[in-house]
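A.B. asks: Fold the following and give me the result.
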Amino acid sequence: MVSQTILIVEDEEDVQELIGYNLRKHGYQTEAALDGKTALSKAQAGKPDLVLLDLMIPRIDGLQVCRILKSDSSTAKIPIIILTAKGTETDIVTGLEAGADDYITKPFSPQVLLARIKAVLRRHTEPPPGEQAVIKIHNIEIDPGRHRTYVNGKELELTSSEFKMLHFLAGHPGWVFTRYQIVDAVHGSDYPVTDRSVDVQIVGLRKKLGKAGDFIETVRGVGYRFREES
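C.D. replies: Numbering: from 1, shown residues only. Next up, the predicted model:
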């Protein structure tokens with residue numbers, strides 16, 4: 001089996017070397033970039049299986065790198081894990097809104113980093129059985145196999161987190177979920193997201209859905225549900 005390649009974008013060479021050493025020890029191939037411009041070139045040319053991305057990097061900052069990769073159809077499906085010292089709630093929400101699949105703050109445990117990498121790669125390469133069926137509800141169509149969403153036949157541009165959140169809620173119409181249940185379903189347990197950041201993502205998702213965003217209902221004091229078809 002061909003080992004998976006991870007692009008490490010980190011301007012501190014000692015940190016980059018430590019991460020690379022631990023990844024190679026566990027069977028991954030690694031590429032490295034010290035700045036945002038090099039990261040974009042390597043990601044676009046090499047199509048790595050995953051990108052580990054620091055935010056505070058020279059030439060092009062990490063958030064912009066994330067947005068560019070996620071807006072390019074040739075790299076949009078490459079999972080990105082932000083690995084940074086910026087750990088406020090606002091920083092995390094901004095990173096997720098930029099399209100990141102996970103967010104890890106420094107200092108970090110190598111074991112936790114490896115576990116999160118495995119979890120993200122698993123979500124992208126091994127979808128759970130039965131989760132590939134196309135969902136058609138109201139005027140929305142969700143195709144998890146192709147990672148596409150349509151409203152009235154028009155395709156929407158959703159981030160990875162937004163797509164997973166919509167797929168989860170629409171796949172259980174009428175069910176009420178707490179914010180933390182939504183986080184667990186979309187990102188897995190022990191994910192560093194607060195209930196406030198879930199609210200921010202729901203707002204963004206509703207905005208992209210337009211009038212169809214009304215199907216995502218707020219249940220005061222509990223969380224959210226997707227309205228059942230009448």
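
A.B. asks: Helices of this structure, residue ranges please.
C.D. replies: Along the chain, counting by DSSP state H, helices occupy 13-25, 36-46, 62-71, 89-97, 110-125, 160-170, 179-187, 195-209.

A.B. asks: looking at the chain, which helix or strand does the model trust least?
C.D. replies: helix 179-187 (a mean of 78; mean pLDDT, DSSP states H and E).

A.B. asks: now it, how far from the chain's geometric center?
C.D. replies: 13 Å (CA atoms, centre = their mean, to the nearest Å).

A.B. asks: Stretch 203-221 now?
C.D. replies: The answer for stretch 203-221 is 19 Å, by CA atoms, centre = their mean.

A.B. asks: which residue is nearest the middle of the protein?
C.D. replies: By CA atoms, centre = their mean, the chain has its centre lying nearest to Asp101, at 2.1 Å.

A.B. asks: Spatially, which residue comes closest to it, not counting chain neighbours?
C.D. replies: Spatial nearest neighbour of Asp101, chain neighbours left out: Pro79 (4.4 Å); criterion: CB to CB, 6 or more residues apart in numbering. For the C-beta atoms, the positions are set from N, CA and C on the backbone; glycine is no exception.

A.B. asks: How many residues are close by that neighbour?
C.D. replies: Pro79 is flanked by 21 other residues according to other CB atoms under 10 Å.

A.B. asks: check contacts around it.
C.D. replies: Neighbouring residues of Pro79 by CB atoms under 8 Å, 6 or more residues apart in numbering: Asp49, Leu50, Val51, Asp101, Asp102, Val120, Leu121, Arg123, His124, Ser160.

A.B. asks: Distance of the first one relative to Ile57?
C.D. replies: Okay, so that is Asp49. 20 Å (CB to CB, to the nearest Å).

A.B. asks: returning to what we had before: would you indicate which residues of the least confident helix or strand of the chain are buried?
C.D. replies: Arg179, Gln181, Ile182, Val183, Asp184, Ala185, Val186, His187 (16 or more other CB atoms under 10 Å).

A.B. asks: Quick check: the second one touching Gly223?
C.D. replies: Yes - using CB atoms under 8 Å, Gln181 is in contact with Gly223, at 7.0 Å.

A.B. asks: Any stretches of this structure with poor pLDDT?
C.D. replies: Along the chain, the parts satisfying pLDDT under 70 run over 1-2, 125-131, 188-195, 230.

A.B. asks: Could you pull up phi and psi at the residue nearest to Asp101?
C.D. replies: phi -70, psi 140 (degrees, to the nearest 10).
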